[in-house]
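Novice: Sequence first, predicted model second:
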Amino acid sequence: MTILEEILREKEQEVSRLLAEPVAQTSQANAVRPSLFGSIKKAKQLQVIAEIKRASPSKGIIHETVNPVQQAEIYERAGAACVSVLTDTSFFNGSFEDLKAVAEAVRIPVLCKDFIIHPVQIDRAAAAGASVILLIVAALPDAELNALRVYATALGLEVLVEVHDADELNRALEAGAQLIGVNNRDLRTFQVDLARTEEVASVFPFHSGRVLISESGIGGIADAQRAAKAGAGAVLVGETLMRSESPEQTIRSLQVDLGGSGQ
Ligand SMILES: O=C(O)c1ccccc1NCC(=O)[C@H](O)[C@H](O)COP(=O)(O)O
(Lines give C-alpha, C1' and ligand atoms only; values in the text may rest on other atoms or scores of the structure.)
Protein backbone atom coordinates (compact mmCIF):
# COMPACT_ATOMS: atom_id res chain seq x y z
CA MET A 1 0.00 0.00 0.00
CA THR A 2 1.34 3.48 -0.88
CA ILE A 3 1.44 6.27 1.68
CA LEU A 4 -1.32 8.05 -0.24
CA GLU A 5 -3.55 4.97 0.00
CA GLU A 6 -2.79 4.75 3.73
CA ILE A 7 -3.63 8.42 4.24
CA LEU A 8 -6.86 8.10 2.23
CA ARG A 9 -7.96 5.14 4.33
CA GLU A 10 -7.49 7.22 7.46
CA LYS A 11 -9.39 10.10 5.80
CA GLU A 12 -12.48 7.93 5.32
CA GLN A 13 -12.61 7.43 9.09
CA GLU A 14 -12.00 11.13 9.67
CA VAL A 15 -14.90 12.01 7.34
CA SER A 16 -17.24 9.76 9.37
CA ARG A 17 -16.16 11.58 12.54
CA LEU A 18 -16.57 15.03 10.96
CA LEU A 19 -20.04 14.18 9.68
CA ALA A 20 -21.09 13.42 13.25
CA GLU A 21 -19.82 16.76 14.63
CA PRO A 22 -21.41 20.20 14.17
CA VAL A 23 -19.29 22.71 12.22
CA ALA A 24 -18.34 25.71 14.35
CA GLN A 25 -18.00 28.89 12.24
CA THR A 26 -15.05 31.06 13.25
CA SER A 27 -14.63 34.81 12.95
CA GLN A 28 -12.46 34.30 9.86
CA ALA A 29 -14.98 32.16 7.94
CA ASN A 30 -15.85 34.17 4.80
CA ALA A 31 -13.13 36.77 5.51
CA VAL A 32 -12.24 38.58 2.29
CA ARG A 33 -8.68 37.80 1.22
CA PRO A 34 -6.79 38.60 -1.96
CA SER A 35 -7.02 35.99 -4.72
CA LEU A 36 -4.03 33.64 -4.80
CA PHE A 37 -4.57 33.12 -8.53
CA GLY A 38 -4.67 36.90 -9.08
CA SER A 39 -1.53 37.61 -7.07
CA ILE A 40 0.49 34.94 -8.87
CA LYS A 41 -0.84 36.06 -12.24
CA LYS A 42 0.23 39.68 -11.86
CA ALA A 43 3.57 39.06 -10.10
CA LYS A 44 6.94 39.81 -11.68
CA GLN A 45 8.74 37.65 -9.10
CA LEU A 46 8.25 34.00 -8.28
CA GLN A 47 5.64 33.84 -5.51
CA VAL A 48 6.09 31.75 -2.36
CA ILE A 49 3.33 29.68 -0.78
CA ALA A 50 4.86 29.18 2.66
CA GLU A 51 3.85 26.12 4.62
CA ILE A 52 3.34 25.33 8.31
CA LYS A 53 4.61 21.74 8.49
CA ARG A 54 5.28 20.18 11.89
CA ALA A 55 6.04 16.67 10.62
CA SER A 56 5.68 14.48 7.55
CA PRO A 57 5.62 10.81 6.57
CA SER A 58 8.92 11.21 4.71
CA LYS A 59 10.86 13.20 7.34
CA GLY A 60 9.16 12.47 10.67
CA ILE A 61 9.25 15.40 13.09
CA ILE A 62 10.38 18.61 11.35
CA HIS A 63 9.43 21.33 13.87
CA GLU A 64 6.96 19.97 16.40
CA THR A 65 6.93 22.99 18.69
CA VAL A 66 6.47 25.65 16.04
CA ASN A 67 4.12 28.49 16.96
CA PRO A 68 1.97 28.54 13.80
CA VAL A 69 0.80 32.12 14.38
CA GLN A 70 4.30 33.54 14.80
CA GLN A 71 5.56 31.52 11.84
CA ALA A 72 2.66 32.68 9.63
CA GLU A 73 3.23 36.32 10.65
CA ILE A 74 6.87 36.00 9.57
CA TYR A 75 5.74 34.52 6.26
CA GLU A 76 3.32 37.39 5.68
CA ARG A 77 5.96 40.00 6.57
CA ALA A 78 8.36 38.43 4.07
CA GLY A 79 5.82 38.84 1.27
CA ALA A 80 4.59 35.25 0.98
CA ALA A 81 1.63 35.01 -1.40
CA CYS A 82 -0.17 32.50 0.83
CA VAL A 83 0.25 30.49 4.01
CA SER A 84 -0.32 26.74 3.57
CA VAL A 85 -1.40 24.93 6.73
CA LEU A 86 -1.24 21.14 6.88
CA THR A 87 -4.37 20.18 8.81
CA ASP A 88 -3.93 16.41 8.83
CA THR A 89 -3.16 15.15 12.34
CA SER A 90 -2.34 11.46 11.89
CA PHE A 91 0.53 11.87 9.41
CA PHE A 92 1.56 15.56 9.68
CA ASN A 93 0.71 16.52 13.31
CA GLY A 94 -1.32 19.45 11.97
CA SER A 95 -4.88 20.46 12.87
CA PHE A 96 -7.83 22.64 11.97
CA GLU A 97 -6.92 24.60 15.14
CA ASP A 98 -3.60 25.53 13.49
CA LEU A 99 -5.52 26.64 10.40
CA LYS A 100 -7.97 28.72 12.44
CA ALA A 101 -5.19 30.39 14.44
CA VAL A 102 -3.26 31.25 11.26
CA ALA A 103 -6.38 32.55 9.49
CA GLU A 104 -7.05 34.87 12.44
CA ALA A 105 -3.48 36.18 12.35
CA VAL A 106 -2.84 36.98 8.67
CA ARG A 107 -4.65 38.74 5.85
CA ILE A 108 -3.03 36.94 2.90
CA PRO A 109 -4.66 33.82 1.35
CA VAL A 110 -4.66 30.72 3.56
CA LEU A 111 -4.50 27.24 2.03
CA CYS A 112 -6.00 24.24 3.82
CA LYS A 113 -3.48 21.53 2.85
CA ASP A 114 -5.20 18.23 3.45
CA PHE A 115 -6.33 15.11 1.63
CA ILE A 116 -9.87 16.07 0.72
CA ILE A 117 -12.30 13.35 -0.35
CA HIS A 118 -15.63 14.71 0.95
CA PRO A 119 -17.48 18.09 1.06
CA VAL A 120 -17.53 18.03 4.87
CA GLN A 121 -13.76 18.61 4.87
CA ILE A 122 -14.29 21.64 2.64
CA ASP A 123 -16.92 22.94 5.09
CA ARG A 124 -14.35 22.54 7.89
CA ALA A 125 -11.67 24.34 5.90
CA ALA A 126 -14.01 27.25 5.11
CA ALA A 127 -15.27 27.43 8.70
CA ALA A 128 -11.68 27.60 9.96
CA GLY A 129 -10.94 30.53 7.65
CA ALA A 130 -9.21 28.97 4.63
CA SER A 131 -9.57 30.80 1.32
CA VAL A 132 -7.93 28.06 -0.76
CA ILE A 133 -8.25 24.27 -0.61
CA LEU A 134 -6.17 21.53 -2.19
CA LEU A 135 -7.58 18.72 -4.31
CA ILE A 136 -5.19 15.91 -5.28
CA VAL A 137 -5.91 14.30 -8.65
CA ALA A 138 -4.26 11.02 -7.59
CA ALA A 139 -6.69 10.79 -4.67
CA LEU A 140 -9.96 11.32 -6.55
CA PRO A 141 -11.95 9.79 -9.41
CA ASP A 142 -12.79 12.38 -12.13
CA ALA A 143 -16.43 12.87 -11.11
CA GLU A 144 -15.51 13.55 -7.48
CA LEU A 145 -12.64 15.83 -8.42
CA ASN A 146 -15.01 17.91 -10.48
CA ALA A 147 -17.82 17.83 -7.90
CA LEU A 148 -15.52 18.86 -5.04
CA ARG A 149 -14.03 21.68 -7.13
CA VAL A 150 -17.49 22.97 -7.97
CA TYR A 151 -18.59 22.67 -4.32
CA ALA A 152 -15.58 24.62 -3.04
CA THR A 153 -15.91 27.28 -5.73
CA ALA A 154 -19.57 27.78 -4.83
CA LEU A 155 -18.46 28.49 -1.25
CA GLY A 156 -16.16 31.23 -2.58
CA LEU A 157 -12.95 29.22 -2.13
CA GLU A 158 -10.08 28.97 -4.61
CA VAL A 159 -8.98 25.47 -5.51
CA LEU A 160 -5.39 24.34 -6.03
CA VAL A 161 -5.43 21.09 -8.01
CA GLU A 162 -2.35 18.94 -7.51
CA VAL A 163 -0.87 16.68 -10.20
CA HIS A 164 2.22 14.52 -10.53
CA ASP A 165 2.51 14.03 -14.29
CA ALA A 166 1.10 14.92 -17.70
CA ASP A 167 -1.78 12.41 -17.48
CA GLU A 168 -2.94 13.88 -14.19
CA LEU A 169 -2.55 17.35 -15.71
CA ASN A 170 -5.06 16.37 -18.41
CA ARG A 171 -7.50 15.19 -15.75
CA ALA A 172 -7.04 18.46 -13.84
CA LEU A 173 -7.71 20.47 -16.99
CA GLU A 174 -10.82 18.39 -17.78
CA ALA A 175 -12.07 19.18 -14.29
CA GLY A 176 -11.69 22.91 -15.00
CA ALA A 177 -8.66 23.59 -12.78
CA GLN A 178 -7.11 27.05 -13.07
CA LEU A 179 -4.52 26.88 -10.27
CA ILE A 180 -2.46 23.76 -10.83
CA GLY A 181 0.38 22.49 -8.63
CA VAL A 182 2.92 19.90 -9.65
CA ASN A 183 4.06 17.89 -6.65
CA ASN A 184 7.72 17.04 -7.17
CA ARG A 185 7.49 14.31 -4.52
CA ASP A 186 6.89 10.72 -5.61
CA LEU A 187 4.35 9.45 -3.10
CA ARG A 188 5.69 5.89 -3.35
CA THR A 189 9.42 6.53 -2.90
CA PHE A 190 9.24 10.05 -1.33
CA GLN A 191 11.98 11.09 -3.74
CA VAL A 192 11.69 14.71 -4.89
CA ASP A 193 12.70 15.69 -8.41
CA LEU A 194 12.07 19.10 -9.99
CA ALA A 195 12.11 17.35 -13.36
CA ARG A 196 8.42 16.63 -12.59
CA THR A 197 7.67 20.36 -12.79
CA GLU A 198 9.66 20.60 -16.03
CA GLU A 199 7.88 17.59 -17.53
CA VAL A 200 4.41 18.94 -16.75
CA ALA A 201 5.42 22.48 -17.76
CA SER A 202 6.47 21.20 -21.20
CA VAL A 203 2.80 20.38 -21.96
CA PHE A 204 1.13 23.01 -19.74
CA PRO A 205 -1.35 25.32 -21.51
CA PHE A 206 0.19 28.61 -20.31
CA HIS A 207 -1.62 30.43 -23.17
CA SER A 208 -4.98 29.57 -21.53
CA GLY A 209 -4.22 31.82 -18.55
CA ARG A 210 -3.81 29.00 -16.05
CA VAL A 211 -1.23 29.19 -13.28
CA LEU A 212 1.46 26.59 -12.56
CA ILE A 213 2.91 26.07 -9.08
CA SER A 214 5.90 23.87 -8.23
CA GLU A 215 5.40 22.00 -4.92
CA SER A 216 7.87 20.17 -2.65
CA GLY A 217 11.62 19.84 -2.53
CA ILE A 218 12.41 23.54 -2.99
CA GLY A 219 15.66 23.84 -1.05
CA GLY A 220 17.04 27.19 -2.16
CA ILE A 221 17.59 29.80 -4.85
CA ALA A 222 18.77 27.34 -7.50
CA ASP A 223 15.54 25.35 -7.18
CA ALA A 224 13.45 28.53 -7.28
CA GLN A 225 15.25 29.63 -10.44
CA ARG A 226 14.73 26.21 -11.99
CA ALA A 227 10.99 26.27 -11.22
CA ALA A 228 10.68 29.82 -12.57
CA LYS A 229 12.59 28.88 -15.72
CA ALA A 230 10.16 26.00 -16.30
CA GLY A 231 7.26 28.48 -16.15
CA ALA A 232 6.06 28.18 -12.54
CA GLY A 233 4.59 31.37 -11.09
CA ALA A 234 4.93 30.14 -7.52
CA VAL A 235 6.61 27.53 -5.36
CA LEU A 236 5.09 25.78 -2.35
CA VAL A 237 7.73 25.40 0.35
CA GLY A 238 7.46 23.52 3.64
CA GLU A 239 10.49 21.85 5.17
CA THR A 240 13.06 24.42 4.03
CA LEU A 241 11.14 27.21 5.76
CA MET A 242 10.39 25.17 8.87
CA ARG A 243 14.10 24.42 9.33
CA SER A 244 15.35 27.89 8.36
CA GLU A 245 16.95 30.11 11.02
CA SER A 246 15.46 33.05 9.13
CA PRO A 247 12.32 32.07 7.22
CA GLU A 248 11.92 35.74 6.28
CA GLN A 249 15.30 35.86 4.50
CA THR A 250 14.69 32.45 2.95
CA ILE A 251 11.37 33.56 1.46
CA ARG A 252 12.90 36.75 0.09
CA SER A 253 15.72 34.76 -1.52
CA LEU A 254 13.19 32.52 -3.32
CA GLN A 255 11.30 35.47 -4.85
CA VAL A 256 13.46 35.39 -7.97
CA ASP A 257 12.65 37.48 -11.03
CA LEU A 258 10.42 35.77 -13.54
CA GLY A 259 12.09 37.79 -16.29
CA GLY A 260 9.23 37.28 -18.71
CA SER A 261 9.57 33.51 -18.61
CA GLY A 262 6.73 33.20 -16.08
CA GLN A 263 2.93 33.27 -16.36
O1 LIG B 1 5.91 15.66 2.84
C2 LIG B 1 5.65 14.44 2.79
O3 LIG B 1 6.39 13.56 3.27
C4 LIG B 1 4.40 13.97 2.12
C5 LIG B 1 4.17 12.59 2.02
C6 LIG B 1 3.01 12.13 1.44
C7 LIG B 1 2.07 13.01 0.95
C8 LIG B 1 2.29 14.38 1.03
C9 LIG B 1 3.44 14.85 1.62
N10 LIG B 1 3.66 16.20 1.76
C11 LIG B 1 2.66 17.20 1.53
C12 LIG B 1 3.17 18.25 0.66
O13 LIG B 1 2.65 18.38 -0.41
C14 LIG B 1 4.32 19.08 1.13
O15 LIG B 1 4.15 19.37 2.49
C16 LIG B 1 4.51 20.40 0.42
O17 LIG B 1 4.49 20.28 -0.95
C18 LIG B 1 5.85 21.02 0.85
O19 LIG B 1 6.90 20.12 0.59
P20 LIG B 1 8.38 20.38 1.15
O21 LIG B 1 8.75 21.80 0.77
O22 LIG B 1 9.24 19.37 0.48
O23 LIG B 1 8.34 20.22 2.62
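Specialist: Looks like it arrived, so ask away. Numbering: from 1, shown residues only.

Novice: Name the helix or strand for Glu97, please.
Specialist: helix 96-105 (DSSP states H and E).

Novice: Tell me the helices and strands packed up against that helix.
Specialist: Judged by 3 or more CB pairs under 8 Å, 6 or more residues apart in numbering; DSSP states H and E, helix 96-105 is in contact with helix 68-77, strand 82-86, strand 110-113, helix 119-127. All C-beta spots, glycine's among them, are computed from the backbone N, C-alpha and C.

Novice: Now do the buried residues in it.
Specialist: Buried residues in helix 96-105, counting neighbours by 16 or more other CB atoms under 10 Å, are found at 96, 98-105.

Novice: Run through the residues of the stretch 101-250 of the chain sitting next to the ligand.
Specialist: With CB under 6 Å from any ligand atom as the criterion, the stretch 101-250 of the chain meets the ligand at residues 183, 185, 187, 190, 215-218, 236-240.

Novice: Turn those residues into TSV, columns for pLDDT, secondary structure and distance to Ile52.
Specialist: Supplementary listing: those in TSV, determined by pLDDT from 0 to 100; DSSP: H, G, I helix; E, B strand; the rest coil; distance: CB to CB, whole Å:
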residue	pLDDT	secondary structure	distance to Ile52
Asn183	98	strand	17
Arg185	97	strand	17
Leu187	85	coil	20
Phe190	92	coil	20
Glu215	98	strand	15
Ser216	98	coil	15
Gly217	98	coil	18
Ile218	98	coil	16
Leu236	98	strand	12
Val237	98	strand	11
Gly238	98	coil	8
Glu239	98	helix	11
Thr240	98	helix	13
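
Novice: Can you flag the buried ones in those?
Specialist: 183, 185, 187, 215-218, 236-240.

Novice: Look up phi and psi at the residue in the stretch 101-250 of the chain positioned nearest to the ligand.
Specialist: Closest contact between the stretch 101-250 of the chain and the ligand, by CB to the nearest ligand atom, is at Gly238 (2.8 Å). Backbone torsions of Gly238, given as degrees, to the nearest 10, read phi -110, psi -80.

Novice: Appreciated, that's everything.
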